[in-house]
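A.B. asks: Starting from these lines, generate the structure:
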Amino acid sequence: MLVESAHRPAAVVTLGDSITDGNGATPGADRRWPDQLARRLAPEGVAVLNAGISGNRLLRHGMGESALSRLQRDVLSHPGVCAVVVLLGTNDIGWPGGPFAPHEALPAAGDIARGFEQLAGQLHLRGVRVIGATLPPFEDALKGTPLEGHYSAPKEAVRQSLNAWIRDRGPFDAVVDFDRVLRDPARPSRLLPAFDSGDHLHPGDAGYAAMAAAIPLRELSGWCASP
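C.D. replies: Numbers count the residues shown, from 1 in each chain. Next up is the predicted model:
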């Protein structure tokens, strides 16, 4: 059914990896953080499009094209996109030296930062507001599984450096600090146990709810409001 409206469409895209795709959430229950953000924005007439792909990376192809490569198809091609919430970089840091990319060198935080600058630049050229998100902690991620190797002390150092850049110097119109929302104050390199799905990488339902609640709607609804 087609419905004619005097208002232009308005949509926020959540661009990310498996944390945005919703790994660790109760299946089929719409408890991923983009689902819960959508419920918050619905009264404002703003839709949320989930462009999270498990295994996605910002700089390199992995499980599918890199976020930079798929930006036009998965974000800019949709009508009414007014803002993007970007949560990427965990796999850029976690994959090198592990089972998915055993011979790949760990990128410097500056390499990932330059990728964010390129991504934000393309979005800003189209008048799209960009909300950057800090990377959640992932100490002991996938430990005891065939995919162990996602975490190391050098990788944690890159995450910390990148998060500092995202907070203070990134090319974003606003920042949501998922690291501070999800980390265990007693051990900041790990997820708070109440928010951990159990694999120490992906939040569970409570963690995803906390992520969605942390996004200030004024950064989205005001920018996306129909004229």
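
A.B. asks: how far away is Val176 from Asp111?
C.D. replies: Val176 sits 23 Å away from Asp111, going by CB to CB, to the nearest Å. C-beta: built from backbone N, CA, C; applies to glycine.

A.B. asks: who's more crowded, those two?
C.D. replies: Taking other CB atoms under 10 Å, Val176 and Asp111 do not tie; Val176 has more neighbours (22 against 15).

A.B. asks: Surely that one and Ala133 touch.
C.D. replies: Yes. With contacts counted by CB atoms under 8 Å, Val176 reaches Ala133, the gap being 5.0 Å.

A.B. asks: joint contacts of the two?
C.D. replies: Residues touching both Val176 and Ala133 (CB atoms under 8 Å, 6 or more residues apart in numbering): Val85.

A.B. asks: Low-confidence ranges, this protein, go.
C.D. replies: Scanning the chain for pLDDT under 70 picks out 1-8, 225-227.

A.B. asks: Tell me where it has helices.
C.D. replies: Per DSSP state H, the chain carries helices over the ranges 18-21, 33-41, 67-71, 90-94, 109-125, 153-168, 178-182, 205-214, 221-224.

A.B. asks: Turn the ones you listed into JSON lines, including distance to Cys82.
C.D. replies: JSON lines is the format used below for the helices of the chain (distance: least, CB to CB, whole Å):
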{"stretch": "helix 18-21", "distance to Cys82": "18"}
{"stretch": "helix 33-41", "distance to Cys82": "11"}
{"stretch": "helix 67-71", "distance to Cys82": "15"}
{"stretch": "helix 90-94", "distance to Cys82": "26"}
{"stretch": "helix 109-125", "distance to Cys82": "11"}
{"stretch": "helix 153-168", "distance to Cys82": "21"}
{"stretch": "helix 178-182", "distance to Cys82": "21"}
{"stretch": "helix 205-214", "distance to Cys82": "18"}
{"stretch": "helix 221-224", "distance to Cys82": "4"}
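
A.B. asks: looking at the ones you listed, which is buried most?
C.D. replies: Comparing the helices of the chain by mean neighbour count (mean count of other CB atoms under 10 Å), helix 90-94 ranks first with a mean of 26.

A.B. asks: Find the centremost residue of the chain, please.
C.D. replies: When CA atoms, centre = their mean is applied to the chain, the residue found nearest the centroid is Leu87 (1.8 Å).

A.B. asks: Tell me how many other residues surround the nearest residue to Thr90 once chain neighbours are set aside.
C.D. replies: Leaving aside its sequence neighbours, Thr90 sits nearest to Leu135 (CB to CB, 6 or more residues apart in numbering; 5.4 Å). A count of nearby residues for Leu135, using other CB under 10 Å, gives 23.

A.B. asks: Go ahead and confirm Leu135 touches Leu162.
C.D. replies: Yes. Between Leu135 and Leu162 there is a contact under CB under 8 Å: 6.5 Å.
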